[in-house]
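Colleague: show me the folded form of this:
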Amino acid sequence: MHILPGKNYPLGANFDGQGTNFALFSANATKVELCLFDTVSESEIERIELSEYTDEVWHIYLPEVKPGCLYGYRVYGPYEPHNGHRFNPSKLLLDPYAKKLTKSFSWSDHHYGYDVQSRQQDLVIEHTDNAGFMPKCVVTEPLPKVEHKVRIPDNEAIIYEAHVKGFSKLNKDIAQQKRGTYQGLADKKVIKYLQELGITSIELLPIHGFFDEAFALEKGLKNYWGYNSMAFFAPEPRYAQQEELSEFRNMVAAIHDAGMEVILDVVYNHTAEGNHLGPTFSFKGIDNASYYRLEKEDKRLYVNHSGCGNTLNLAHPRVLQMVMDSLRYWVEIMGVDGFRFDLAPILGRKNYQNNDNFDSYTAFFTTLRQDPVLADVRMIAEPWDIGHGGYQLGQFPGNWQEWNDRYRDAVRRYWRGDEGMVPELARRLHGSGDIFEHHGRRPYASVNVVTTHDGYTLHDLVTFEQRHNHANGENNRDGHGSNFSCNYGVEGETQDRRINQVRSQQKRNILATLFLSQGTPMLLAGDERNNTQHGNNNAYCQDNEITWLNWHKEDEEQLRFVQQLIKLRKEHPLLNRLHYQHGQKVSKKTGLKDLSWFNCHGEPMDESNWHNKALKSFAMMLAETNHDRRSLYAKQSQFCDICDITVDDGLLIIFNAHSHPTRFQLPKLKGVWTEIINTANLDAVITCNRIDDTELSVEAHSMIVLTYSQFDTQE
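Modeller: As a prediction, this is how the structure comes out:
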């Protein structure tokens, strides 16, 4: 084969129309071999040494290598675990920049770079070839940039968290061969469902190529969630029917055509290679000392801020380059509109001597701010990791959004009936200004979550008080122990009509709270359909009907309620304000403050109310203070199919978490009150009932939402 020197940039295998340039970073290797494989049998047919070494990058150019060629690397160097080096040329390694893999991963003990039988564990190298069990990298055709993007205004975003496979696997409305795939998510019926639901942005659990852990496979389980990445540029093959690159791009295009964003959950904090006793797939064998954070006292061991055995070293410029190149690739070539970063504080940890604290001005965040491709892309943080000082809610850069677990816990505990929760819930309803209102941040910085993939579904939250994770094979010891859930009398499903009625009402309460709060609401896929995981709150390893959405469950009532809530939110600007309100602006028209809190006597909440731990009933009023907007009375609300209402002067949201009804005196205002939501209504529909009384009875475990207008619009 004709061999030319090639170039050290760009990294990866890049076909230029004539041949392919191969470039691999390794600062500590002594030799690198490119292995080529037969496309049918995947048997190794040739090894070529990368003879050129420029700026710590090994590279060659092969004019005869075209797209479709299968390849991997073998990297030589010292095997010295105590010095951080784990080179082992017996192990075939994935290219960190591979755009496509031949297949999903297969486990074998041959993936260990050390002798697992040795008493010295990982200190003794093992020379068995693992190539027969490794996916091969595939040289790909250059793909054009995706031109059609969708950027939803930040204050209008409504996020829907879904799993590519689990979302459509049981959906009989689409062709069987499409179910559980990228094509399934792109199906016209699925797109229509999402549109009718009203969400603006779909957030997909990890689809970067990932591997299953050995301990899960040994129990007959799999890594279902996908938080075990190994290929940061390649779509996971198991979600494709035939060709994952085109199918993923087509999926994104279909979602874009429907006016929705695609957000990827990404895992740049660790890899599937685990700790010092883990396997060797790629980074560990290419340049372990550069790619990973190692303990300073003994570089045999890994810093484990991820809880998954290792931590990627984004303080290294080449590792940072890989992450930035990956993000740009998914935006420019694959069409993605945003990212949710798993364990995001790791991305901002320093790497100084005795100081790896989080800092929002580290190289990763600074580079993102300057990048012309990524600076305006939606960035969402999971703002915690398990390392020291790992809880960083509210501390990310000003243009970031963050999952808000304080919101989650406040909503769960308030509706469960915990005492003393009114002040905390009020702060979360307000958009968590106590956490986010600094450095120009806005209410939408708070991604309000009540349920996510990690934990109970909404249905299970009101059905189980104890986790039921026995299927995970860990003796029910795994999963979060503090769920703030309630079963209302019976653990699990029941035929008791009274209990089921309370549960349904509580689900409506939680959903209404989510969509009526300031901030960015995120709905877990299936919560609109009462999807259940049967009490499993850690279903990461359940690739089966425990996690797949049950599309056959009859519950159109709750689906319709969620659709109406989303529509209501979109058409009431008071519910998605651009700025924090503090009751300081007053309407010249109505005399109402932009934000007010009332007790059950219709009076403003005072200190004694806020400090009354037994209090579980109160109201929040949002009022329009900018009456100069041209569209204020020109645009009629579209959420109501019963009557026409002009844009309201205010919204009053009454909460009652008591186990008994509460009489609630409406604030003494001149105008018209119209009830649009009452979660105690069994039919769970948004109504339009004019209220002539000055006092309401708010049922136990319920909430009522009313619009206020100073003028009777129906005269």
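Colleague: okay, and for the stretch 451-600 of the chain, where does confidence drop off?
Modeller: For the stretch 451-600 of the chain, the stretches with pLDDT under 70 are 554.
Colleague: so what's Ile263 up against?
Modeller: Taking C-beta atoms under 8 Å, 6 or more residues apart in numbering, we find Ile263 in contact with Ile159, Ser201, Ile202, Glu203, Leu204, Val336, Asp337, Gly338, Phe339, Arg340, Arg378, Ile380. Every C-beta, even on glycine, is put in place using the N, C-alpha and C of the backbone.
Colleague: find the nearest non-adjacent residue to the last one, please.
Modeller: Going back to what we said before, that points to Ile380. Spatial nearest neighbour of Ile380, chain neighbours left out: Arg340 (4.2 Å); criterion: C-beta to C-beta, 6 or more residues apart in numbering.
Colleague: same question for the fourth one.
Modeller: Setting aside the residues directly before and after it, Glu203 is nearest to Ile263 in space (C-beta to C-beta, 6+ apart), at 4.1 Å.
Colleague: let me know the pLDDT of that neighbour.
Modeller: Ile263 is assigned a predicted lDDT (pLDDT) of 98.
Colleague: identify the bridge partners of it.
Modeller: For Ile263, the beta-bridge partners under DSSP bridges are Glu203, Gly338.
Colleague: can you name the two of the contacts of Ile263 that sit furthest apart?
Modeller: Ile159 and Val336 (14.1 Å; C-beta to C-beta).
Colleague: who does the lowest-mean-pLDDT helix or strand in the chain touch, helix- and strand-wise?
Modeller: In the chain, the helix or strand scored least confidently by mean pLDDT, DSSP states H and E is strand 689-691, which has a mean of 88. Other elements packing on strand 689-691 under the criterion 3 or more C-beta pairs under 8 Å, 6 or more residues apart in numbering; DSSP states H and E are strand 672-678.
Colleague: and the strand it packs on, which strands flank it?
Modeller: Short version: by DSSP bridges, strand 672-678 pairs with strand 689-691 (antiparallel), strand 702-709 (antiparallel).
Colleague: secondary structure element holding Val411?
Modeller: Per DSSP states H and E, Val411 falls inside helix 405-416.
Colleague: could you do His480 as well?
Modeller: Per DSSP H and E, there is no helix or strand for His480.
Colleague: can you tell me how far Pro96 sits from Ser702?
Modeller: 54 Å (C-beta to C-beta, to the nearest Å).
Colleague: how about the lengthiest helix in the chain as PDB, C-alpha atoms only?
Modeller: Counting by DSSP state H, the longest helix found in the chain is helix 497-516. Extracted in PDB, the C-alpha atoms of helix 497-516 (Å, rounded to 0.1, in the frame of the first residue of the first chain):
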ATOM      1  CA  ARG A 497     -61.300   3.800  44.000                       C
ATOM      2  CA  ARG A 498     -60.600   6.400  46.700                       C
ATOM      3  CA  ILE A 499     -56.900   5.800  46.600                       C
ATOM      4  CA  ASN A 500     -56.700   5.900  42.800                       C
ATOM      5  CA  GLN A 501     -58.700   9.100  42.800                       C
ATOM      6  CA  VAL A 502     -56.200  10.800  45.200                       C
ATOM      7  CA  ARG A 503     -53.300   9.500  43.100                       C
ATOM      8  CA  SER A 504     -54.800  10.900  39.900                       C
ATOM      9  CA  GLN A 505     -55.400  14.200  41.600                       C
ATOM     10  CA  GLN A 506     -51.900  14.400  42.900                       C
ATOM     11  CA  LYS A 507     -50.500  13.700  39.500                       C
ATOM     12  CA  ARG A 508     -52.600  16.600  38.100                       C
ATOM     13  CA  ASN A 509     -51.300  18.800  40.900                       C
ATOM     14  CA  ILE A 510     -47.700  18.100  40.200                       C
ATOM     15  CA  LEU A 511     -48.100  18.500  36.400                       C
ATOM     16  CA  ALA A 512     -50.000  21.800  36.900                       C
ATOM     17  CA  THR A 513     -47.300  23.100  39.300                       C
ATOM     18  CA  LEU A 514     -44.600  22.200  36.800                       C
ATOM     19  CA  PHE A 515     -46.200  24.100  33.900                       C
ATOM     20  CA  LEU A 516     -47.300  27.100  35.900                       C
END
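Colleague: circling back: ok, and for the least confident helix or strand of the chain, which residues are buried?
Modeller: Ile691 (16 or more other C-beta atoms under 10 Å).
Colleague: contact partners of that strand?
Modeller: Leu666, Val672, Trp673, Thr674, Glu675, Leu706, Gln714.
Colleague: quick one on the thing from earlier: list just the nearest of the contacts of Ile263 to His148.
Modeller: Taking the contacts of Ile263 together and measuring to His148 by C-beta to C-beta, the closest member is Asp337, at 10.6 Å.
Colleague: mind checking pLDDT for that closest one?
Modeller: At Asp337, pLDDT is 98.
Colleague: run a quick neighbour tally on His148.
Modeller: His148: 9 surrounding residues under other C-beta atoms under 10 Å.
Colleague: helix, strand or coil for it?
Modeller: coil (DSSP: H, G, I helix; E, B strand; the rest coil).
Colleague: report all helices and strands that the helix or strand following the helix holding Val411 contacts.
Modeller: Counting by DSSP H and E, the next helix or strand C-terminal to helix 405-416 is helix 422-429. Helices and strands touching helix 422-429, by 3+ C-beta pairs under 8 Å, 6+ apart, are helix 405-416, helix 607-610, strand 617-623.
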